[in-house]
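[1] Next come a sequence and a model predicted from it.
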Amino acid sequence: MVDAIDWADWERRLAELWATFDPTDSEAFIARIDALAAELPAGHAIGVFERASAQDSTGHEMKAEPLYRQALENGLQGIRRRRATIQLASTLRNLGRAKEGIALLTAERDKPSDELDDAVIAFLALCLVDTGQAQQAAALALASLSRHLPRYNRSLKRYAEMLLPES
């Protein structure tokens, strides 16, 4: 039962496991993530998301995609929901389905702002490049970058806007 789980301990062990991630021993890593996820009720959104992330991080995008979708369908919330959306879009891009990634990330841009806003833009830009929209990708990336520069913010933002097609 979820209430019986010591979430702080579970999250600590998860963080420790991710800190040891070594892609050269991917099968062992996946098995350890699967075992940790198995401590949660079957189909628990967080466990499914962590399993998807492990598959994705070890180069198994085709296994990761349905797990990301299941985690989202099972009610993944908070920052993990946003991470799952970004990671699913990136996975779709790697699977040659960048247009699906664009749809996900375009919708994600309208969600409440958080520390992953720039990640949404960065992965959207990658998807746009893959679909032949490099100029729009550059505009988005430069506009996002303009918020972080110590100088030239307005100039860079204006130049980025000039790259976008007239609406």
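    Received the coordinates, thanks. Owing to the predicted nature of the structure, the values given are computational and were not obtained by experimental measurement.
[2] wait, what's in contact with residue 108?
    82, 85-86, 89, 120 (C-beta atoms under 8 Å, 6 or more residues apart in numbering). C-beta coordinates here come from the backbone N, C-alpha and C atoms, glycine included.
[3] Of those, which is the most crowded?
    In terms of neighbours by other C-beta atoms under 10 Å, the contacts of residue 108 top out with residue 89 at 27 neighbours.
[4] Identify, from the contacts of residue 108, the entry nearest to residue 53.
    Using C-beta to C-beta, residue 86 comes nearest to residue 53 of the contacts of residue 108, at 11.0 Å.
[5] quick one, what contacts the closest one?
    Residues near residue 86 by C-beta under 8 Å, 6+ apart: 105, 108, 116, 119-120, 123.
[6] pLDDT weak spots in the chain?
    1-3, 167 (pLDDT under 70).
[7] Please enumerate the helices of it.
    For the chain, helices defined by DSSP state H occupy the ranges 7-19, 26-37, 45-57, 61-73, 78-94, 98-109, 117-130, 134-146, 153-163.
[8] returning to that earlier point: of the contacts of residue 86, which pair is most distant in space?
    Spanning the widest gap among the contacts of residue 86 are 105 and 116, at 10.9 Å by C-beta to C-beta.
[9] deepest of the helices of the chain, which one?
    Of all the helices of the chain, helix 45-57 has the most neighbours on average by mean count of other C-beta atoms under 10 Å, namely a mean of 22.
[10] contacting residues around stretch 38-48?
    Residues contacting stretch 38-48 (C-beta under 8 Å, 6+ apart): 1-2, 5, 10, 36-37, 67, 70-72, 74-77, 80.
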